[in-house]
Structure formats: structure tokens, C-alpha cells
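J.: Sequence unavailable; structure follows:
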């Protein structure tokens, strides 16, 4: 079950949110798309850093 997407980009993203993002973006995976890259970073970079800090 996918979690609903809220406009608050500061919340922690569930793994399902990340998978959904990539499934929705699949046609652009291997193309150079700065807007898509920026959107991904805005949405998932901070949660990634938070998890990485706990693992390190």
C-alpha cells in the first residue's frame, strides 16, 4: 500500500514513496534531466542523509 503524498517535503519519505517516484520516472531514468534530478534531490536527499548518518 502506498502512502499518500503530502506537500510537506520535509517529512521523512517511506520506501514506498521512493519506489513510486522511480516507477513514475522510469522513462527518464537514463536521460539527462536536470529538473527531474533537482526534484528527486529536493524530495529525498535529506531523508537519505538522515538514514546514512544512522548507518555510519
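T.: That came through fine. Everything quoted here is computed from the prediction, not taken from an experiment.

J.: How confident was the prediction at the most centrally placed residue in the chain?
T.: In the chain, the residue lying closest to the centroid (CA atoms, centre = their mean) is residue 44, at 3.7 Å. pLDDT for residue 44: 90.

J.: Surely it touches residue 18?
T.: Yes: at 6.0 Å, residue 44 counts as touching residue 18 under the criterion of CB atoms under 8 Å. Bear in mind the C-beta positions are built from the backbone N, C-alpha and C, glycine included.

J.: buried set for the helix or strand hosting residue 47?
T.: Following DSSP states H and E, one finds residue 47 within helix 34-55. Judged by neighbour count (16 or more other CB atoms under 10 Å), helix 34-55 contains these buried residues: 40, 44, 47.

J.: Can you tell me how far the last one is from residue 27?
T.: Pointing back at residue 47 there. Applying CB to CB, to the nearest Å, the value for residue 47 to residue 27 is 24 Å.

J.: All set, thanks.
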